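Trainee: Fold the following for me, if possible:
(chains A, B and C)
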Amino acid sequence: MVEYFLCMVLFCLGLYAILIKRNLIKIIIGLAIMEYAMNLFFILLGYKKGATVPIFSSLTEPHPEVMVDPVAQAMVVANVVIGLAVTFILVIIAILIYEKYGTFDIRDVNKLKG
Amino acid sequence: MLTLFIIIPLFGAFVIFLVGKYSKNISYFMGWIVPAFLSVLALSLVGTKETLTYQIGGWVQPLGITLVGDGLSLFFLPVINIIVFAAAVFSIPYIEKYTSKWIYFALFLVMQASMNAVVLTGDIFNLFIWIEVGGLASYALVCYKVEPEALESSFKYAVLNSVGLLFVLFGIGLLYAYTSTLNMAEIGRILHERPNLKLVGFVTVLFFTGFGLKSAIVPFHSWLPDAHSSAPSPVSALLSGVLIKSLGIYTLLRIMFNVFGFNLYISKLFIFLGLLSIITGGILAIYQKDMKRLLAYSTISQVGYIIFSFGLGTPLGMFAGFFHLVNHAAAKSLLFLTSGAVLHVTGEREMGKLGGLREKMPVTAFTSMVGSMSVSGVPPFGGFWSKLVIIIAAVQAREFLGASVAVGISIVTLAYYLKLQKNVFFGELKPVWNNIKEAPWMMCFSMILLAILCIGLGALLLPGVRAVFITPAVNVLAGGMQYCNAVLRI
Amino acid sequence: MIKKPEHGMTVIVKTVTRYTDVLILMFGMYFIFNGHLTHGGGFVGGIIVALSFIHVMLAFGKEVALKRVTERIIKLCVGLGAISFLLIGIIGFTKGAFLYNFFRKPGVDYIGEPFSLFSSGIMPLMNVAICLAVASGFYAIFIALVVYKIGKRR
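Mentor: All right, here's what the predicted structure looks like:
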């Protein structure tokens, strides 16, 4: 149970970084931390104590009861891909913002109002 | 058959990615032929009686990814594809002045594929992935004009939506832990057999955060005016017309009505958030000086109408919701396209600096008039009938407060659209704009197409037309848990 | 390459890179061609392959890395990988369903055997397609970031 709790602490840390920090790069890092917390959560969902990798070596004697859940791990891989793409696009937007505004501080990036 | 809606746009996007750099005509051609073909295909599927299912890769039902084409999906498909077609034709002359047009069309088609896939898929994790893909394409399209405002709004949009979708992912994880399946029909069936109110309540809140951010209901609306006003106009038309409807409202409806089962709490939540959106969007829209920003706030208000009428929970309310959804999709896309035409010709978005463009741009002025009148609810157009049905449904469901708010804000809507018309198209022609011309014919074509749709959509109220287009969707929502049985074929 | 001190890092880094880079590339290839048997597959292997290219670029500089494998080839590879994945899926239509294992014969189990590439149906083909798209896409984004920064400084 404590590992789920720690996972949620990590999630909240990422949310804290997004809400409080004023640097664009720190916001991106906060988003990445939230993504990792979610990936950890999925891995924990699929984990079983003492289980092995989910590889079937033969179809005649399968032992699915001693394997961890592969679906959760597949979801983690998909989520990593998506997180990679989001991080890349955010980094590129942040670099372009730095070129246009000359700063990473969101207090100075305020041309839009209302 | 159903996979074609996903494969063809993706194929077009990849072909553009391969060869679009060397020949811009290929990207233009792909850009309009794919949505046109898919619109015809989607219209041919309308009126199918039974629930279509398709197993990807030939895997059996709860294991593999299922594509489901029931009444609700088949209602959304033509709306999406026709509006994408109009926006694609419009964007061919619009993006002449920008560089790397091929990337624009590739992202456009990826966005179309993602919207079609979100509407069709029956697997909850697949739904999440496609929402993220559509979101990624739209983040890139919003900052396509590399201007400071566009970059800023795109960053805001991307961060807010990614955080919201992480909440959705958390909810999916909890559901998977409880039901050990990802098929939405199977999840619905298991939650029906072994109800767990605590889990469903918590996951409902998480999903409302995530999909509410996508559909821009009021506490989560702050990204929408920025993103819509600084995106290229065809992209704003797509975002406002179909993206927030298919990625936000459709997913909310599907999960709340068909998977969790509609109950009193969700109904109250829908009604409360809907009324809040109606009031906030309507009041804030009056004060806007920027043309596209006004339209964006108006979108928030109209999405509030749609959410409110679905929250009533009666079949008439659902019918009104779908009817208003399709009217709003056509009219708001039309309005964003006309604002794009004005922007293309004059390069000005401030309403105070424009004026009297009616003499110089008759087609744009006329179509903009049609769209405004349709959204604000003036009799011959579709918007009037849908608002009338919403108010009747609200009175029948004894939501007198909601009905009066709907009537009041509809007057406010008329007010700010009259302000838009007066400041942009009527009045004195400023001497600066003396030698402007009408927009190119491709822009006029897509505007006229959408204007005809706006006028013609009032016909959806007729019983015969209604039975073909909207009644199957209403039946799916009103049927609730029967969706699970229809998909699993029990 | 190693005698040009104005490009890239020091001689130590360059020498080590010359020996380790091939090993990293081989490791990525192993992941791709063993992806149907154990964990790994196209995405993971593709990232490792891309890292080996990035390794060369970091050690020897942009000019050396982009001399043979130009930006145009990389962008072509992204499109080719994506479109070949889709084509493999479309070929499945001939046997019944999108993404169907079209090698399948009735009565044969496709669970994968070591040292036999097509023993698990279309999965190795898809791994290769994904690897092509992921490796070149990842590398292209890295190049975009690097080239963009250099262009700005000038």
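
Trainee: where are the low-confidence patches of chain C?
Mentor: C:1-5, C:109-110, C:149-154 (pLDDT under 70).

Trainee: how about a cut-off of 50?
Mentor: C:151, C:153-154 (pLDDT under 50).

Trainee: Show me what from it comes close to chain B.
Mentor: Chain C has residues C:75-76, C:78-80, C:82-83, C:86, C:89-90, C:92, C:96-101 near chain B, with proximity defined as Cβ under 8 Å from any Cβ of the partner chain. For glycine as for every other residue, the C-beta is placed from the backbone atoms N, C-alpha and C.

Trainee: Take those and, keeping just the buried ones, write it as a ChimeraX select command.
Mentor: In ChimeraX syntax, the buried subset of these is picked out as below (16 or more other Cβ atoms under 10 Å in any protein chain shown):
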select /C:75,76,78,79,80,82,83,86,89,92,97,98,99,100,101
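
Trainee: Would you mind listing where chain A has pLDDT under the threshold?
Mentor: Within chain A, no stretch has pLDDT under 50.

Trainee: Could you tell me the backbone phi and psi angles at the residue lying farthest from the centre of it?
Mentor: Ranking residues of chain A by C-alpha distance from their mean position (Cα atoms, centre = their mean) puts A:Thr60 at the top, at 38.0 Å. When read as degrees, to the nearest 10, the backbone of A:Thr60 gives phi -80, psi -30.

Trainee: these two touch, right, B:Arg108 and B:Gly31?
Mentor: Just so we're on the same page, residue B:108 is Phe rather than Arg. Yes. The pair B:Phe108 / B:Gly31 is scored as a contact, 6.3 Å apart, by Cβ atoms under 8 Å.

Trainee: Quickly list what's touching both of the two.
Mentor: Shared contacts of B:Phe108 and B:Gly31, defined by Cβ atoms under 8 Å, 6 or more residues apart in numbering or on different chains, comprise B:Ala88, B:Ser91.

Trainee: what are the phi and psi values for the residue lying farthest from the centre of chain C?
Mentor: Using Cα atoms, centre = their mean, the residue of chain C lying farthest from its centre is C:Gly107. It sits 34.1 Å away. Per-residue torsions, C:Gly107: phi 90, psi 0 (degrees, to the nearest 10).

Trainee: What of A:Ser58?
Mentor: Torsion angles at A:Ser58 (phi, psi; degrees, to the nearest 10) stand at phi -150, psi 150.

Trainee: Equivalent analysis for B:Leu337, please.
Mentor: According to degrees, to the nearest 10, B:Leu337 has phi -70, psi -40.

Trainee: list the contacts for it?
Mentor: B:Leu337 sits next to B:Ala86, B:Ala87, B:Phe90, B:Ser233, B:Pro234, B:Ala237, B:Met443, B:Ser446, B:Met447, B:Leu450 when contact means Cβ under 8 Å, 6+ apart.

Trainee: How about the third one: what's its closest non-neighbour residue?
Mentor: By that I understand B:Phe90. B:Ser446 (4.3 Å; Cβ to Cβ, 6 or more residues apart in numbering or on different chains).

Trainee: And for the second one?
Mentor: Here the nearest residue to B:Ala87 in space, its sequence neighbours aside, is B:Pro234; by Cβ to Cβ, 6+ apart that works out to 4.2 Å.

Trainee: packing partners for whichever strand or helix holds the one you found?
Mentor: Using DSSP states H and E, B:Pro234 sits within helix B:233-238. Other elements packing on helix B:233-238 under the criterion 3 or more Cβ pairs under 8 Å, 6 or more residues apart in numbering or on different chains; DSSP states H and E are helix B:71-94, helix B:124-142, helix B:291-311, helix B:315-346.

Trainee: what is the mean pLDDT for that helix?
Mentor: For helix B:233-238, mean pLDDT is 90.

Trainee: Please apply the same query to stretch B:262-273.
Mentor: 89.

Trainee: show me what contacts C:Val146?
Mentor: C:Met57, C:Lys62.

Trainee: for B:Thr367, same thing?
Mentor: Counting by Cβ under 8 Å, 6+ apart, B:Thr367 has contacts B:Leu334, B:Thr338, B:Met447, B:Ile448, B:Leu450, B:Ala451.

Trainee: ok, and the most crowded of those?
Mentor: In terms of neighbour count, B:Thr338 stands highest of these at 34 neighbours, by other Cβ atoms under 10 Å in any protein chain shown.

Trainee: Quick check: that one touching B:Gly371?
Mentor: Yes. Contact status for B:Thr338 versus B:Gly371: in contact at 6.6 Å, counting by Cβ under 8 Å.

Trainee: State which helix of chain C is the longest.
Mentor: Longest helix in chain C by number of residues (criterion: DSSP state H): helix C:123-153.

Trainee: Quick check: buried residues in it?
Mentor: In terms of neighbour count (16+ other Cβ under 10 Å), helix C:123-153 has its buried residues at C:123-143, C:146.

Trainee: One more: stretch B:202-219?
Mentor: By neighbour count on 16+ other Cβ under 10 Å, the buried set for stretch B:202-219 is B:203-204, B:206-218.

Trainee: where does C:Glu113 fall, phi/psi-wise?
Mentor: Here is the backbone geometry of C:Glu113 (degrees, to the nearest 10): phi -130, psi 150.

Trainee: That one and C:Ser119 touch, don't they?
Mentor: Yes. With contacts counted by Cβ under 8 Å, C:Glu113 reaches C:Ser119, the gap being 4.4 Å.

Trainee: So between the two, which is more surrounded?
Mentor: Ranked by neighbour count (other Cβ under 10 Å), C:Glu113 and C:Ser119 place C:Ser119 first, with 18 against 13.

Trainee: List the contacts of that one.
Mentor: By Cβ under 8 Å, 6+ apart, the neighbours of C:Ser119 are C:His36, C:Tyr110, C:Ile111, C:Gly112, C:Glu113.

Trainee: Now do the same for it: helix, strand or coil?
Mentor: Following DSSP: H, G, I helix; E, B strand; the rest coil, we place C:Ser119 in the helix state.

Trainee: now do B:Tyr54
Mentor: Three-state call for B:Tyr54 (three-state DSSP): strand.

Trainee: What number of residues are in the vicinity of the closest residue to it other than its chain neighbours?
Mentor: Leaving aside its sequence neighbours, B:Tyr54 sits nearest to B:Leu67 (Cβ to Cβ, 6+ apart; 4.2 Å). B:Leu67 has 24 neighbours, counted by other Cβ under 10 Å.

Trainee: B:Leu461 now?
Mentor: For B:Leu461, the neighbour count with other Cβ under 10 Å is 16.

Trainee: Quick check: closest non-adjacent residue to it.
Mentor: Going by Cβ to Cβ, 6+ apart, B:Leu461 has B:Trp385 as its nearest residue, at 5.0 Å.

Trainee: how many other residues sit next to the one you found?
Mentor: 22.

Trainee: Do a quick rundown of the strands in chain B.
Mentor: B:52-55, B:66-69 (DSSP state E).

Trainee: What is the last one packed up against?
Mentor: With contacts taken as 3+ Cβ pairs under 8 Å, 6+ apart, strand B:66-69 sits against strand B:52-55, helix B:101-120.

Trainee: change it to 6 Å
Mentor: When contacts are defined as 3 or more Cβ pairs under 6 Å, 6 or more residues apart in numbering or on different chains; DSSP states H and E, strand B:66-69 packs onto strand B:52-55.

Trainee: So for the strand it packs on, what gets flagged as buried?
Mentor: For strand B:52-55, burial by neighbour count (16+ other Cβ under 10 Å) applies to B:Thr53, B:Tyr54, B:Gln55.
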